[in-house]
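Chemist: Sharing a sequence plus its predicted fold:
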Amino acid sequence: MPTPASIHGAVTDSSGAVREGAHIELAQAEQPVKTAVSAGDGSFQFPSALPGGFKLTVTLAGFASKTIYGVLQPGESFEAQGLALVVAAASSEVHVTASEAEITQEQFHQEEQQRVLGIVPNYYVTYVAHPPPLTPKQKFSLLLKTEFDPFNFAATGIFAGIQQATNSWKGYGQGMQGYGKRYGAGFANGFDNTLLGSALLPLLLRQDPRYFYKGTGTTRARVLYAVANAFVCKGDNGRWQPDYSGILGGLGAGAISNLYMPAGSRNGVTVTFENGGLAMAGGALQNLFQEFLVRKLTPRLPNYGGSNP
């Protein structure tokens with residue numbers, strides 16, 4: 001769990017006089033809103049706040065409300081500034097420590113910490129109800145973090161060993177040379193599929209490569225949702241649409257694999273569609289695990305209060 005942070009400050013009016021009885025609300029990352037009331041010296045505090053983006057709103061009868069935004073670091077003691085209330089009918093907002101882009105980046109940073117059992121990367125899923133779209137840089141960041149993670153290198157090595165033990169892809173032969181070829185092919189298959197389906201094509205087609213966790217509804221509805229997400233995705237505009245990125249990415253990776261598969265195992269279009277079909281079937285199975293199991297096994301999951309509708 002991240003180290004809690006705290007927020008404190010004092011409410012005054014435009015003349016600098018302290019104001020008692022002001023109502024302060026703290027909103028964070030879909031958590032229940034916390035409230036406080038300013039004391040006789042105008043002071044208030046939230047001693048246990050979550051690291052990440054926040055919104056602080058101050059209201060007092062006869063004064064315009066005041067809202068400030070910011071980002072808390074783990075363990076930070078944040079002093080809220082700019083809380084001088086003005087006698088007016090209109091509300092005002094002051095951004096004091098973070099822009100919307102910085103808050104979005106903070107949410108993305110939390111997503112990058114997700115690991116199943118604290119080991120297996122779990123970056124391509126979001127548990128936020130309405131997350132902002134990924135930027136081009138973030139799409140490629142997830143690609144590199146996933147494919148060059150130590151766990152991916154180890155898993156590729158294990159699968160290459162199993163293939164060698166069962167003599168899959170006989171054209172690669174045996175011994176260290178055969179193992180190296182299987183390892184390289186396995187890593188290339190995964191990298192090509194992620195590059196095309198989760199980074200390059202989503203960038204060009206403006207689609208989001210992540211799985212949007214549902215978490216509500218009947219079991220049947222969640223199963224259908226998970227399977228359907230192997231064929232549909234959200235666009236950067238927030239609308240559901242055919243998952244051209246994932247489908248074409250799987251087919252593209254299958255076509256590229258013909259370049260390095262053993263000569264006797266190459267079959268052009270057949271291998272391309274076989275690998276593409278396996279990628280989509282694997283995606284549906286992975287989505288089912290995401291929907292019903294993975295969240296429970298992800299210890300560093302940010303403490304989000306809601307799930308996707």
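Modeler: Looks like it arrived, so ask away. Worth saying up front: this structure is predicted, and the values here are computed from it rather than measured. Numbering: from 1, shown residues only.

Chemist: pLDDT score for residue 54?
Modeler: What the model reports for residue 54 is a pLDDT of 86.

Chemist: Any idea how many residues pack against the closest residue to residue 24 other than its chain neighbours?
Modeler: Nearest residue to residue 24, sequence neighbours excluded (CB to CB, 6 or more residues apart in numbering): residue 36, at 4.6 Å. Where you see a C-beta, it was placed from the backbone N, CA and C, and this is true even at glycine. Counted by other CB atoms under 10 Å, the residues lying close to residue 36 total 20.

Chemist: which parts of stretch 215-231 are buried?
Modeler: 215, 222-223, 225-227, 229-230 (16 or more other CB atoms under 10 Å).

Chemist: residues contacting residue 242?
Modeler: The contact partners of residue 242, taken as CB atoms under 8 Å, 6 or more residues apart in numbering, are 231-233.

Chemist: How about residue 14?
Modeler: Residue 14 makes contacts with 84-87, as judged by CB under 8 Å, 6+ apart.

Chemist: If we use 6 Å, what do you get?
Modeler: By CB atoms under 6 Å, 6 or more residues apart in numbering, the contact list for residue 14 reads 84, 86.

Chemist: Against residue 64, how distant is it?
Modeler: Residue 14 sits 10 Å away from residue 64, going by CB to CB, to the nearest Å.

Chemist: Show me the common contact partners of the two, please.
Modeler: By CB under 6 Å, 6+ apart, residue 14 and residue 64 have these common neighbours: residue 86.

Chemist: Let's verify residue 46: helix, strand, or coil?
Modeler: Put simply, residue 46 is strand when judged by DSSP: H, G, I helix; E, B strand; the rest coil.

Chemist: count of residues packed around it?
Modeler: The local packing of residue 46 (other CB under 10 Å) involves 23 other residues.

Chemist: Could you pull up the contacting residues of the spatially closest residue to it that is not a sequence neighbour?
Modeler: Ranked by CB to CB, 6+ apart and with sequence neighbours excluded, the top spatial neighbour of residue 46 is residue 7, at 4.5 Å. Going by CB under 6 Å, 6+ apart, residue 7 touches 46, 49, 78, 80.

Chemist: Of these, which is the nearest to residue 207?
Modeler: Checking the contacts of residue 7 against residue 207 with CB to CB, the nearest one is residue 49 at 34.6 Å.

Chemist: what's the pLDDT at the closest one?
Modeler: 88.

Chemist: The residue lying closest to it once chain neighbours are set aside: what's it in contact with?
Modeler: Nearest residue to residue 49 in three dimensions, chain neighbours excluded: residue 5, at 5.0 Å (CB to CB, 6+ apart). Contact partners of residue 5, counting by CB under 6 Å, 6+ apart, are 49, 51, 72, 76.

Chemist: one more time with 7 Å, if that's ok
Modeler: Residues near residue 5 by CB atoms under 7 Å, 6 or more residues apart in numbering: 49, 51, 72-76, 78.
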